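here is my input; please provide its structure:
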Amino acid sequence: MILSSVISKLPKYGTIFAMAIQKKLEIPVHDFFGMKKEYLLLIAVLCFAFLIRVYSLGSFPQVVNGDETISILHPFQMMKHTVSIFDRSSDGHGLIIIYAPKLLMLLLFGFEHSLLAVRLVTVLFSVGVLVIFYIQVRRYFTSSVSLLATFLFATSYWFLNFSRISWINVDGLFFGLFFYFSLEKAVKTQKIIWAVVAGIMAGIVLMHYMGIRIYLLTAGVVFLPQLRWSRQTVCLVLAGFISTLIVSLPVINQMLNEGDAYTSRARVVSIFHQKENYYDYAPNDFRGILMHQVEYVSRGFLLFDGKVSSEGAVENKRYMPFETPAVNRVVHLLFSIGFMAGLVKWKHPFFLLTYLLSIVLLQIPTVYVPNWSRAIGILPAIYFFTAYGIDLLLKLQKRYGKAVIVTISTVIIIAGINDIKIYWKFITSSSFLEAQGPALSIAELPAWQKAEFKWIENKHGPFSIYDWENQNR
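Below you'll find the model as predicted:
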């Protein structure tokens, strides 16, 4: 009932939101899509993105993996005050406070609908990512290009998979993009309020999913050289820095007092801390390991070679269909055109550097690459340069007429629909279900949740899914 009520109000709220985007963020409308049509098409894309995410959300995926159980347990622990919101999360990716949005949704829906509630949080953040992505792309390209690129992003089986499972990487991606958006606004408008917002977002990113923190480095490299130092600029920098410092105090406290614990996750995934053979390489064969990393990262993120998609640990088998490239062939072609053009002309440096630095600093030094979760920060860059590729192809319209946009739009829509089919085939496959283990079936969830909550209320720490499986054998 709650979900049906939300869906029924989408057109009304969508219209208001689309008008706010144009009015408040000063997006120009000047191409062959008129202003009113742009609103309607943007609403249609966002509503479609929302609907393909909420469809059978409480039933598919059919299992609840460890990440999703954490999304239920940490909010319950916060509600019962059995943990501090500034404690490190049990998966080591951030602080427990980052699960606060899931607690709010659980309080709204009730813990009897816990799985739907926590998955819906991820859905909403993923649609928020698409909104910010559209705004950013629209600043550089026409509405037709921006809408087509956003549609491809929305239907990506890589992004769709993470958008329908409750975890924190999509949430983190939203805050990372919002940080970039607000920082760009601060630099452009020279307004203190945007510097404060950017600082708050930077603090949240610091305590959030580790794969998104690269945005902070990229933004510093891109924007600091652009600053024209003046009294106003100094005020902006100080406002942003102080905001970041205040919000990130819990992270700083953890780093100072529990440095080993704070960096434990980074050490686990680092190729420099492996104690056993990595593939066929001994731990001290650094040259061999490095060559392997460079080869697999290049094949995964530059050539989009599907043969390396499911390599390594079981994690990748949860993230991507077996031997399937990260993006479909249409996106691969468009991205390649846009990325090469951007590289040659050094256009759009934030997305260029996000893509390149993520590969160099987050993929090559970490185990079992390409890792599609740690690479989630690359997704907006891929589809931004896909938009650039579309834009370059649409310039052929001057020679060949409107048949060009009709043809390209048709191909893109077919590719997007096919991505959705690939996603559904993937999450209903036996290989996907096996890769989620240890995991709960949806039928088991109420009994597991009841036992966990009782255990936590008795001042115990939560037990693992392994403990649950052993108990029920």
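
for the strand or helix carrying residue 414, what is the distance to the chain centroid?
Taking DSSP states H and E as the definition, residue 414 sits inside helix 403-427. Distance, stretch centre to chain centre, for helix 403-427: 21 Å (Cα atoms, centre = their mean, to the nearest Å).

who's in contact with the following helix or strand past that helix?
Next helix or strand after helix 403-427 toward the C-terminus (DSSP H and E): helix 430-435. Identification of contacts with helix 430-435 by Cβ atoms under 8 Å, 6 or more residues apart in numbering yields 61-63, 314, 317-318, 322, 426, 439. Using the backbone N, CA and C atoms, a C-beta is placed for each residue, glycine as well.

what mean pLDDT does helix 430-435 get?
Mean pLDDT, computed over helix 430-435, is 91.

give the buried residues for it.
The neighbour-count check on helix 430-435 (16 or more other Cβ atoms under 10 Å) flags 432-433, 435 as buried.

can you check stretch 340-357 too?
Neighbour counts over stretch 340-357 (16+ other Cβ under 10 Å) mark 341-342, 348-357 as buried.

show me the contacts of helix 430-435 that map onto helices.
317-318, 426 (DSSP state H).

and the buried ones among the residues you listed, selectable in ChimeraX?
Buried residues among the ones in helices among the contacts of helix 430-435 (16+ other Cβ under 10 Å), as a ChimeraX selection:
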select :317,318,426
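
just the closest of the ones in helices among the contacts of helix 430-435 to residue 158, please.
Using Cβ to Cβ, residue 426 comes nearest to residue 158 of these, at 10.4 Å.

the spatially closest residue to the closest one that is not a sequence neighbour: what's it in contact with?
Leaving aside its sequence neighbours, residue 426 sits nearest to residue 321 (Cβ to Cβ, 6 or more residues apart in numbering; 4.2 Å). Going by Cβ under 8 Å, 6+ apart, residue 321 touches 157, 309-310, 422, 425-426, 429.

ok, residue 321 to residue 429 distance?
Distance, residue 321 to residue 429, by Cβ to Cβ, to the nearest Å: 8 Å.

next: residue 366.
Residue 366 is 27 Å from residue 429, where distance means Cβ to Cβ.

these two: which is more packed in?
Per other Cβ atoms under 10 Å, whichever of residue 366 and residue 429 has more neighbours is residue 366, with 21 against 13.

might one say that that one is in contact with residue 374?
Yes. Counting by Cβ atoms under 8 Å, residue 366 does reach residue 374; the two are 6.4 Å apart.

please enumerate the shared neighbours of the two.
Contacts common to residue 366 and residue 374, judged by Cβ under 8 Å, 6+ apart, are residue 269.

need the strands for the stretch 1-150 of the chain, in chain order.
Ranges of strands in the stretch 1-150 of the chain, per DSSP state E, counting those that start in this stretch, are 63-65.

brain fart, the stretch 301-450 of the chain
Counting by DSSP E, counting those that start in this stretch, the strands of the stretch 301-450 of the chain are 439-441.

tell me where it is predicted with low confidence.
The model of the stretch 301-450 of the chain has pLDDT under 70 over residues 312-314.

let's see that with 80 instead.
For the stretch 301-450 of the chain, applying pLDDT under 80 flags the ranges 310-315, 396-401.

against residue 183, how distant is the residue nearest to residue 426?
Counting by Cβ to Cβ, the gap from residue 321 to residue 183 is 36 Å.

excluding chain neighbours, what is closest to residue 215?
Spatially, and ignoring its direct neighbours in sequence, residue 215 is nearest to residue 176 (4.2 Å; Cβ to Cβ, 6+ apart).

neighbours around the closest residue in space to residue 187 that isn't next to it in sequence, how many?
Distances taken as Cβ to Cβ, 6+ apart place residue 223 nearest to residue 187, at 5.6 Å, with adjacent residues excluded. Neighbour count of residue 223, defined by other Cβ under 10 Å: 17.

so residue 223 touches residue 182, yeah?
No. Counting by Cβ under 8 Å, residue 223 does not reach residue 182; the two are 11.6 Å apart.

tell me the mean pLDDT for stretch 159-177?
The pLDDT scores in stretch 159-177 average 97.

endpoints of that stretch, how far apart?
Criterion Cα to Cα, to the nearest Å; first-to-last residue distance in stretch 159-177 is 15 Å.

what about the helices in the stretch 201-350 of the chain?
Per DSSP state H, counting those that start in this stretch, the stretch 201-350 of the chain has helices spanning 214-223, 231-247, 249-257, 259-262, 264-268, 286-301, 315-319, 329-345, 349-357. These are given in chain order.

where's the closest residue to residue 269 other than its chain neighbours relative to residue 211, distance?
Nearest-residue entry for residue 269: residue 366, 4.5 Å, with adjacent residues in sequence omitted and distances by Cβ to Cβ, 6+ apart. Distance check for residue 366 against residue 211: by Cβ to Cβ, it reads 10 Å.
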